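Chemist: coords please:
(3 chains)
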Amino acid sequence: MVISLTENYEFQRVYKKGQSYPGRYAVVYYRKNNRGNLRLGITATKKIGKACVRNRARRLIYENMRLLLPTMEQGYDIVVVARNAIVGADFFSLGKELQRLLQKAGAFLHE
RNA sequence: UGAGCAAAACAGACAGUCGCGGGGAAAGUAAUUUUUUACUUUUCAUGAGGAAAGUCCGGGCUUCACAGAGCAAGGGUGCCGGUUAACGACCGGUGGAGGCAACUCUAAGGAUAGUGCAACAGAAAAGAACCGCCGAGAUUUUCGGUAAGGAUGAAAAGGCGAGGUAAGAGCUCACCGGCAAUCCGGAGACGGGUUGGCCGUGUAAACCCCACCCGAAGCAACACAAGACUGCACGAUAGCUUGCUCGGCUGUGCGAAUUGUGGCUUGAGGUAAUCAGCAAUGGUUAUCCUAGAUAGAUGGCUGUCAGAUACAGAACCCGGCUUAUAGUUUUGCUCAAAUC
RNA sequence: GGGCCAUUAGCUCAGUCGGUAGAGCACUUGACUUUUAAUCAAGUUGUCCGGCGUUCGAAUCGCCGAUGGCUCA
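Modeler: Below is the predicted model of the structure:
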């Protein structure tokens, strides 16, 4: 079960105060939230394309994040913003990139 | 075989696995007198389109306005008949345009109700006369007749031929176009004929005239419940404070951010058969229930099919129209060539 | 979910009751200057967002689209 960010102010808080890690397909924002759980927000703006394209981008990100989440540290808010290049991207290259970006952010549990 | 025309259907499928939305069933826990409610777990079936899109029309539903009718304003529609809940949609026809054909396209009422416009060119763009032609005077110009010929233009005063004439002219006649009257066929648009008189252009997707139609706004509508703001008004009436008055509190009414629930999917519904109709469509019978989210659910991976996936994602619901669209399949028909 | 508007030269805009499409800046060339700038003179520049239609003729009128923007709840 993934807890998702809903309100606009929560997104704004992450954009302004969090760390950002840009990639080719997406940008990851990462911030500590003092709640003890892990929350995820996905953004696909109108710039990317029409409704169908945006849905596809959101689903690909969601599925990748779902697989990655169990290995990550609790107590953070994550926002993933899709970029234009995601339109032609396939599942695995997006997954590799997200993994790289999150590693940079130090999101994974380390022994 | 080639080229083409029309009408339809599909929109990757199947298996495994992980995950998501709402729903059913079972079990457990908590609250509760019960009903029931909330949470957790397990399990079962189910879950985007032909355009879900654009928002160009029409309707249901809801609120507001009017609760009688007419007129005006504004907007729309515009050959005829039918279908429909309704429509600017659809079907069948008529006229017109295109194509050898199958067939396709068609905003197609009125220009003798009125007003406007028709650049440049041209004598003249609507009651026409520059050159010309003819006649008369006069002697190089005037008067009259004329609209065949010339030139301009997108468009030039019905077309074309014959008769006729001073020259000409629907002046007369034949054919054609158009108009009027009338007869026949048709439900009608209209088609066919007869007779008459010979007829001042185009534009109404210019204003307009005629006929018909239209109250406004939208599910973020709206209904119910709670209700911050310590909001505004009342406090004449009820209660408390008190012996009484003032005051205060409770209270009553109103506005209202916001939250929750309903609206929300059984409907002008789908499928099949049959009957009526050329068809759109309608009737009857049987049968089925098939998303309902609220930051918004359909995705990932693996395998098989020869290979590959276009345009694209429901948000109150229907009927159309328009636009985007890879590829596959079916049916009927036309033309050309060849063979029998 | 509705409503409204715009699109014209490289840029910013005129032209909108149909009749050969313009201004400023920019650009090019020439003059002036030792040179540049400024100034002066001359010149170039358009699928009038796309398609179809009405008309003799369309940037202008009608219809269907595209893109961009504004706005209401």
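
Chemist: so where's chain A shaky on pLDDT?
Modeler: Along chain A, the model assigns pLDDT under 70 to residues A:1-2, A:7-8, A:35, A:110-111.

Chemist: tell me which parts of it are close to RNA strand B?
Modeler: With CB under 7 Å from any atom of the strand as the criterion, chain A comes near RNA strand B at residues A:1, A:4-6, A:8, A:50-53, A:55-56, A:58-60, A:62-63, A:66, A:90-92. C-beta coordinates here come from the backbone N, C-alpha and C atoms, glycine included.

Chemist: of those, which belong to strands?
Modeler: Here DSSP state E is the test, and these give A:Ser4 as lying in strands.

Chemist: the residues of chain A next to RNA strand B in helices, which ones?
Modeler: Members of the residues of chain A next to RNA strand B lying in helices (criterion: DSSP state H): A:8, A:51-53, A:55-56, A:58-60, A:62-63, A:66, A:91-92.

Chemist: list buried residues within the residues you listed.
Modeler: Neighbour-count burial within those applies to A:Arg56, A:Arg58, A:Leu60; the criterion is 16 or more other CB atoms under 10 Å.

Chemist: show me the contacts for the last one.
Modeler: Counting by CB atoms under 8 Å, 6 or more residues apart in numbering, A:Leu60 makes contact with A:Ile86, A:Ala89, A:Phe91, A:Leu94.

Chemist: and these as a markdown table, adding distance to A:Leu109?
Modeler: As requested, those are arranged in a markdown table below (distance: CB to CB, whole Å):
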| residue | distance to A:Leu109 |
| --- | --- |
| A:Ile86 | 27 |
| A:Ala89 | 27 |
| A:Phe91 | 24 |
| A:Leu94 | 22 |
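
Chemist: give me the number of residues near A:Val27?
Modeler: For A:Val27, the number of neighbouring residues by other CB atoms under 10 Å comes to 16.

Chemist: my read: it touches A:Val81, true?
Modeler: Yes: between A:Val27 and A:Val81 there is a contact at 4.6 Å, judged by CB atoms under 8 Å.

Chemist: any idea what A:Phe108 is bridged to?
Modeler: Here A:Phe108 sits in beta bridges with A:Met72, going by DSSP bridges.
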